[in-house]
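A.B. asks: Provided below are the primary sequence and the corresponding predicted coordinates.
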Amino acid sequence: MALLLAGLLAVTAPAAADQLPSLGSQSGGALTATQEQEIGQEFLTQARRELNFVEDPEVLGYVRAIGHRIAAQTDFDAYPFHFYVVEDPSLNAFAVPGGHIFVHSGLIEATDTPAELAGVLAHEIAHITQRHLARQVAASQETQLQSLLLVLAGVMAGMQGQGEAAQALVAGASAYSQQEMLSYSRTHEHEADRLGVGYLARSGFEPDGLPAFLEELQDWSSLQGQAPPAYMSTHPLTRERISDARNRASRMRAAADSTPLGEGTYQRVRARVQAVTAESPEQAYRDFTKRVEDDPENAAARYGLSLAARLTGRTDEALDLLRDLIEQAPEEVAYRSSLAEALMEDDNPEKAIRSLGEALERRPSAPELREQLGRAQLAAGDAKAARDTLREVTRDHPRRASGHRALAEAYSRLDEPIRAHRAEAEARWIAGQQAEALQQLRLAERLAQEQGSDQLGRIRARIEELRL
């Protein structure tokens, strides 16, 4: 798949290479911001076709909240940041041009504190703010884009745990470039550590989160006596680098921040990752049962057990656990959202709507809760209410593919096929399925023509936008 990505992108590489600007600093690099975004979008499109992304709202929302809090401490404004969670047990995280940052579910599970997870994200954000990949392209005077394509292909192979494939692509990149371009240079790694530690401190996280995780990663690799984790194959790790990061962190203090992204939230999200990505839900259920038996007061373990119980068909047990958790922590929105999930499994959407209403009283602007409410309204047979709810969600969060898909279902239930095709097209486009998105718009166009709909002009305009 990594080689396929290189082949797909390389088709346009010669022409693009002729248009590259002269070599510059990290503010410009060998690629313009627009070129970086185009390459990143192409990479994301391919990744969505080949990988399993974690779309769980609580997990994704937490990672994005940390990422955006850290990104707000930078002065980078060339393009926005986007954060994704890949369902993969390997320890890996990486950034690609255009502000796209990916973290594996296995890495989230491997961290021990919110500061460690934040440290990884801060490091990747620094790679983006300093345009490290774009600057590495500058090392290859004649075949810049071809080298970058192999870098991205190698990253893809590495993130899938294909160490040998990643190394082979490094060798291929060396043929195009005078340096090994898959591995970030030591200078870039030190720079990302230095800036990442500062971002952490200014974001309110303990600055030693990054060096602590790097130490654990190196210790883990030594104890295993095996090939290093994928993260180390693309981020060279040395004792000197860890020491430098540790020394820098020791000179900083975390800024005060009251946003609820700390230990309790982190442990709950980590438990959710373990439950929703478990290869064997039954094994996850047994693991969480033991953890609760060992520590009955551990709220995160009980929450994980409730999720595992629901995913293994033990709905009544899940409902009891979640109601107990809500009684002990009535302001915790995640428990009410999960209760609504269990109630939906129990074919009780009306009660799910009530639970979500109570959650929205506490967090009225949360898009994941509003979308969940729309889906519950659909399940309850109130398609009009669902349409109104989901229209607001997609209006306020136009890049939310799942919201557009749910809205398409609402329109379909209301016998509005033109709008249903348009909403489905937006969902497909966001998911990187360009051909399928245009196909949906063509279906909408044909129906609009047949019915003389006033939507025809907007549909054709959107088709032209997506074809550019």
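C.D. replies: Structure received. Numbers count the residues shown, from 1 in each chain.

A.B. asks: mind checking the SS state of residue 73?
C.D. replies: coil (DSSP: H, G, I helix; E, B strand; the rest coil).

A.B. asks: so where does residue 108 fall, helix or strand?
C.D. replies: helix 105-110 (DSSP states H and E).

A.B. asks: What residues sit buried inside that helix?
C.D. replies: Buried residues in helix 105-110, counted by 16 or more other Cβ atoms under 10 Å: 105, 106, 107, 108, 110. From N, CA and C alone the C-beta is placed, and that goes for glycine too.

A.B. asks: Name the residues that touch that helix?
C.D. replies: With Cβ atoms under 8 Å, 6 or more residues apart in numbering as the test, helix 105-110 has contacts from 54, 59, 63, 85-93, 117, 120, 216-217, 220, 231, 269-270, 273-274, 277.

A.B. asks: about what we covered before: out of the buried residues of helix 105-110, which is nearest to residue 422?
C.D. replies: Distance to residue 422, by Cβ to Cβ, is smallest for residue 105 among the buried residues of helix 105-110, at 33.0 Å.

A.B. asks: from the buried residues of helix 105-110, which two are the most distant?
C.D. replies: So, the buried residues of helix 105-110 by Cβ to Cβ: farthest apart are 105 and 110, at 9.8 Å.

A.B. asks: what about the helix or strand harbouring residue 95, distance to the chain center?
C.D. replies: Using DSSP H and E, residue 95 sits in strand 93-96. Distance of strand 93-96 from its chain centroid, counting by Cα atoms, centre = their mean, to the nearest Å, is 10 Å.

A.B. asks: One more: stretch 50-68?
C.D. replies: 4 Å.

A.B. asks: Please identify the buried residues of the one helix or strand residue 450 maps to?
C.D. replies: Residue 450 belongs to helix 434-451 when assigned by DSSP H and E. By neighbour count on 16+ other Cβ under 10 Å, the buried set for helix 434-451 is 437, 438, 440, 441, 443, 444, 445, 447, 448.

A.B. asks: quick check, nearest of the residues you listed to residue 36?
C.D. replies: Once Cβ to Cβ is applied, the member of these that ends up nearest residue 36 is residue 437, at 22.9 Å.

A.B. asks: Just the pLDDT for the most centrally placed residue in the chain.
C.D. replies: With distances taken as Cα atoms, centre = their mean, the chain has residue 84 as the residue nearest its mean C-alpha position (1.0 Å). Looking at residue 84, its pLDDT is 96.

A.B. asks: Use 57 as the first number from now on
C.D. replies: All right, first residue 57 from here; so that's residue 140.

A.B. asks: Could you measure from it over to residue 487?
C.D. replies: 12 Å (Cβ to Cβ, to the nearest Å).

A.B. asks: What ranges in the stretch 207-356 of the chain fall below the confidence cut-off?
C.D. replies: 207-240, 275-294, 310-316 (pLDDT under 70).

A.B. asks: If we use 90, what do you get?
C.D. replies: Applying pLDDT under 90 to the stretch 207-356 of the chain flags the ranges 207-247, 266-267, 269-319.

A.B. asks: could you pull out the helices for it?
C.D. replies: With DSSP state H, counting those that start in this stretch as the criterion, the stretch 207-356 of the chain has helices at 219-232, 242-259, 265-280, 286-290, 295-306, 319-332, 337-350, 355-367.

A.B. asks: Pairing partners for the strand holding residue 151, with directions?
C.D. replies: strand 156-160 (antiparallel) (DSSP bridges).

A.B. asks: Could I have the CA atoms of the partner strand written out in CSV?
C.D. replies: C-alpha atoms of strand 156-160 as CSV (Å, rounded to 0.1, in the frame of the first residue of the first chain):
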residue,chain,number,x,y,z
HIS,A,156,-2.1,16.0,9.8
ILE,A,157,-1.0,14.2,13.0
PHE,A,158,-1.7,10.5,13.5
VAL,A,159,-1.5,8.6,16.8
HIS,A,160,-2.0,4.8,17.1
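
A.B. asks: I'd like the mean pLDDT over that strand, please.
C.D. replies: Rounded mean pLDDT across strand 156-160 is 96.

A.B. asks: Now do the buried residues in stretch 335-347.
C.D. replies: In stretch 335-347, counting by 16+ other Cβ under 10 Å, buried: 337, 340, 341, 343, 344, 347.

A.B. asks: And for stretch 426-441?
C.D. replies: Buried residues in stretch 426-441 (16+ other Cβ under 10 Å): 426-436, 438-439, 441.

A.B. asks: What of stretch 143-161?
C.D. replies: 143-144, 146-161.

A.B. asks: next one: stretch 397-416
C.D. replies: 397-400, 404-405, 407-412, 415-416.

A.B. asks: Poorly predicted segments of the stretch 357-506 of the chain, please.
C.D. replies: Using pLDDT under 90, the flagged stretches of the stretch 357-506 of the chain are 486-490.

A.B. asks: how much space between residue 366 and residue 346?
C.D. replies: With Cβ to Cβ as the criterion, residue 366 and residue 346 are 18 Å apart.

A.B. asks: Contacts for stretch 432-441 next, please.
C.D. replies: 396, 400, 405-406, 408-409, 412, 442, 445, 462, 465-466, 469-470.

A.B. asks: how long is that stretch end to end?
C.D. replies: One end of stretch 432-441 to the other measures 10 Å (Cα to Cα, to the nearest Å).

A.B. asks: if we can go back for a sec, downstream of the helix holding residue 506, the next helix or strand is which one?
C.D. replies: That would be, after helix 490-507 and using DSSP H and E, helix 512-523.

A.B. asks: is it true that residue 483 lies in a helix?
C.D. replies: Yes. Looking at residue 483 with three-state DSSP, it is inside a helix.

A.B. asks: What about it, how many residues nearby?
C.D. replies: A total of 22 residues lie near residue 483 under the criterion other Cβ atoms under 10 Å.

A.B. asks: I'd say it and residue 461 touch.
C.D. replies: Yes. Counting by Cβ atoms under 8 Å, residue 461 is a contact partner of residue 483 at 4.1 Å.

A.B. asks: and the helix holding residue 506 with helix 512-523, angle?
C.D. replies: Between helix 490-507 and helix 512-523, the angle comes out at 160 degrees (axes from the mean of the first three to the mean of the last three Cα atoms, to 10 degrees).

A.B. asks: how distant is helix 490-507 from the center of its chain?
C.D. replies: With Cα atoms, centre = their mean, you get 30 Å for helix 490-507.

A.B. asks: what does the average pLDDT come to for stretch 168-183?
C.D. replies: Rounded mean pLDDT across stretch 168-183 is 95.
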